[in-house]
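Enquirer: Pasting the sequence and the predicted coordinates here, then a few questions.
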Amino acid sequence: MPRVTLGTPDCRNITPLTIHLRIKFQPGGTEKPGESKVVKVQGKQIKLGHISPGELEAFKARFQYVVTDQWSGKLYIALPDAPPPLGLPTTEFRKFMYPGLARWNPCVQCKLKVELTDSDFDWWVIVCKPEAGQPAFPSYMYTPDKLKLVNSQGMPHGMLSLNDVKVSKNLPVLKQTATDNWNAAESISLQQVVAGHEVGHMLGLHHVNYSHPLCHEKKDELYDNNDPICYGDTVFKAADAMGYGSEVRAVHARPWLRVLKHLTGHKKGWRLTTDPLSLGCATPETLLEKATSAGKALLQNALGQMRGLQVG
């Protein structure tokens, strides 16, 4: 199970469940500026250049921002609403209930925290700088179920390009026809930040069309046959964050659901959504509500300090 923090329910009956990703980024390529070297990545020969400390720090900062923006707080899990034994035991259910008056059903908000560190890390990722004119960098990330084997071989857990924190556009998509004509293709305009897609793999998510037989023809124990069909055989699938696109969908809450099942020991009845209101849960706080809450907290703190001065 990943490192997690289960918070306490707020007055909206929202309980935050945070998955922590502790990552060590290590620069790949050459040690000296102006030099380059050719390396083999996922079967491709790629010429890499030197990454300066400033470039690496900029990558780290951007990575934290884009990944958190894509995944954290976008997904919700509603509690089983049936009474025991089909639902949660009363003692467990109360852990997700605000002790005061609340108008909303209890719901868990799926949050993600990226922690960059050089020690006590769970993920070791090589960052590369492809030289100009090189083929598309084949970024990859292993899923958690493969880390034991990867660690036994002393391999990094993934490789990224400096460009993976930027938006990619107009990605080619193979479209499967009714007759399985794999040559039929159409180019559609989709946007994706590759780093966000790869973090999906860190969380344990597979490609959107992973159930297709071609996605299970493995080259060896570690490398799946990364066929384009795995990224979607329809425009809808391709637009998924685990395809060629950036759409975060309810099914992506499964990593947090696995944690909840482990913590509560309850397996059935949980409901996943990107629209908490549809399940009777509170909507996400607006910027105005967040500002109002922060303002109230500051005011209460100031009043408390004033009372302290008066007593003194």
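Expert: On my side now, so go ahead.
Enquirer: Name every strand pairing with the one helix or strand W124 maps to and say which way it goes.
Expert: Counting by DSSP states H and E, the element that carries W124 is strand 123-128. Next to strand 123-128 in the sheet, as set by DSSP bridges, lie strand 14-27 (parallel), strand 158-161 (parallel).
Enquirer: all helices for the stretch 1-150 of the chain, in order.
Expert: Ranges of helices in the stretch 1-150 of the chain, per DSSP state H, counting those that start in this stretch, are 53-71, 90-94, 147-152.
Enquirer: how about the longest one: buried residues?
Expert: By neighbour count, and taking 16 or more other CB atoms under 10 Å as the criterion, the buried residues in helix 53-71 are 56, 59-60, 62-64, 66-68, 70-71. For glycine as for every other residue, the C-beta is placed from the backbone atoms N, C-alpha and C.
Enquirer: from those residues, which two are the most distant?
Expert: Greatest spacing in these, by CB to CB: L56 and W71 (22.3 Å).
Enquirer: any chance you could map the strands in this protein?
Expert: Using DSSP state E, the strands of the chain run over 3-6, 14-27, 37-41, 44-48, 75-78, 107-116, 123-128, 140-141, 158-161, 167-169, 172-174, 185-187, 191-193, 271-273.
Enquirer: and T117, backbone torsions?
Expert: Backbone geometry at T117, expressed as degrees, to the nearest 10, gives phi -150, psi 160.
Enquirer: quick one, what contacts it?
Expert: Listed by CB atoms under 8 Å, 6 or more residues apart in numbering, the contact set of T117 reads 22-24.
Enquirer: quick one: which of those residues is nearest H262?
Expert: R22 (19.0 Å).
Enquirer: tell me the contacts of that closest one?
Expert: Applying CB under 8 Å, 6+ apart, we find R22 in contact with 3, 115, 117, 120-123.
Enquirer: do G7 as well
Expert: G7 sits next to 15-18 when contact means CB under 8 Å, 6+ apart.
Enquirer: Let's see the PyMOL selection covering just the buried ones among the contacts of R22.
Expert: Per 16+ other CB under 10 Å, the buried members of the contacts of R22 correspond to this PyMOL selection:
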select buried, resi 121+122+123
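Enquirer: In a markdown table, list the contacts of R22 along with pLDDT and distance to N105.
Expert: As requested, these are exported to a markdown table (pLDDT from 0 to 100; distance: CB to CB, whole Å):
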| residue | pLDDT | distance to N105 |
| --- | --- | --- |
| R3 | 96 | 28 |
| E115 | 98 | 31 |
| T117 | 96 | 37 |
| D120 | 94 | 37 |
| F121 | 96 | 37 |
| D122 | 96 | 33 |
| W123 | 97 | 35 |
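Enquirer: TSV for the contacts of R22, including distance to L101?
Expert: Shown next, in TSV, are these (distance: CB to CB, whole Å):
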residue	distance to L101
R3	34
E115	36
T117	41
D120	42
F121	43
D122	40
W123	42
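Enquirer: thinking again about what came up before, can you tell me which of the strands of the chain is nearest to N151?
Expert: strand 123-128 (9.0 Å).
Enquirer: wait, isn't K47 in contact with C128?
Expert: No - assessed by CB atoms under 8 Å, K47 is found out of contact with C128, at 10.2 Å.
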